[in-house]
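1. 3D model of this:
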Amino acid sequence: MDTHDVSEADFAACLRDLEAVNALTFAAPPTLGFLSRATAGWEPGRPLRVLDCGSGQGGMLRRIHRWATAKGFVPDLVGVDLNPRSRAAALAATPADMAIEWRTTDIFDVQADDGFDVIISALFAHHLDDADLPRFLRWMEATAARGWFINDLHRHWFAWGGFTLLSQAMRWHRFVRHDGPLSVRRAFVSADWRRLLAEAGIADATLRWHPLFRLCVSRLK
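-> Model (predicted):
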């Protein structure tokens, strides 16, 4: 969907359906669970600065904003995406009282002195190639003060077939019907992450499976 010449309206429609997919497949709970662990013992009123890589329409950061506000934290959230149409869609979907910053830039241009407590991504890592994945892990390790969390897919035949049937039944956007099964095929099994973490020189990350077919990697400092 990032390589097709489509209108902003068509692109936004695809992102809206992706948010529906994420809600139906329980995308947010693993990330919110990690943030709960990362902020354990924090006092109300403390700022929580989070960077979301490949933020798309921004649904995850809006969930985090509501979660952090309910916890009494002060959310300081930044979404980064290479596609400028993502920023436009995120701005349109975000209530005015949610002060979330949307950037159009390369994630590797973000530095540790930007002061992020936590770096997250959701369904982003499988878009990177084998050369960039260890680089991504090392960059998160160097840039996040408190820790990082990768929320991605488990490569499995049932996930591939189930999503193919579901996306057709729900009549989701044509890009979702095409890219969803492809994303599952590009996704990971545990052995992939163990190899990539070893290449990145990270020995103490945690690997967990979550419903529905989410394989998540995290590091809490």
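2. Against R138, how distant is the residue lying farthest from the centre of the chain?
-> Going by Cα atoms, centre = their mean, the residue of the chain most distant from its centre is E43, 25.9 Å out. Distance, E43 to R138, using Cβ to Cβ, to the nearest Å: 32 Å. Backbone N, C-alpha and C define where each C-beta goes, glycine included.
3. Give me the mean pLDDT for the biggest helix by length in the chain.
-> Secondary structure of the chain per DSSP state H: the longest helix is helix 8-24. Mean per-residue pLDDT for helix 8-24: 81.
4. And the very next helix or strand once past it, what does it pack against?
-> Later in the chain than helix 8-24, the nearest helix or strand by DSSP states H and E is helix 28-38. Contact analysis of helix 28-38 by 3 or more Cβ pairs under 8 Å, 6 or more residues apart in numbering; DSSP states H and E lists helix 59-71, strand 118-122, strand 147-153, strand 206-210, strand 214-220 as its packing neighbours.
5. Now these in JSON lines, please, with extra columns for mean pLDDT.
-> As requested, the helices and strands packed on helix 28-38 are exported to JSON lines (pLDDT from 0 to 100):
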{"stretch": "helix 59-71", "mean pLDDT": "97"}
{"stretch": "strand 118-122", "mean pLDDT": "98"}
{"stretch": "strand 147-153", "mean pLDDT": "97"}
{"stretch": "strand 206-210", "mean pLDDT": "97"}
{"stretch": "strand 214-220", "mean pLDDT": "97"}
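6. Let me know which of those is the nearest to V50.
-> strand 118-122 (5.0 Å; Cβ to Cβ).
7. between that closest one and strand 214-220, how big is the angle?
-> 170 degrees (axes from the mean of the first three to the mean of the last three Cα atoms, to 10 degrees).
8. Just want the angle from strand 118-122 to helix 8-24.
-> Using the same axes, to 10 degrees: strand 118-122 against helix 8-24 is 100 degrees.
9. For strand 118-122, which helices and strands make contact with it?
-> For strand 118-122, the packing partners by 3+ Cβ pairs under 8 Å, 6+ apart come out as helix 28-38, strand 47-53, strand 147-153.
10. roughly how far out does the last one sit from the chain middle?
-> It stands for strand 147-153. 7 Å (Cα atoms, centre = their mean, to the nearest Å).
11. will you turn the helices and strands packed on helix 28-38 into a markdown table that also has mean neighbour count and distance to S7?
-> Output for the helices and strands packed on helix 28-38, formatted as a markdown table (neighbours: other Cβ atoms under 10 Å; distance: least, Cβ to Cβ, whole Å):
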| stretch | mean neighbour count | distance to S7 |
| --- | --- | --- |
| helix 59-71 | 19 | 21 |
| strand 118-122 | 26 | 25 |
| strand 147-153 | 25 | 28 |
| strand 206-210 | 14 | 35 |
| strand 214-220 | 21 | 31 |
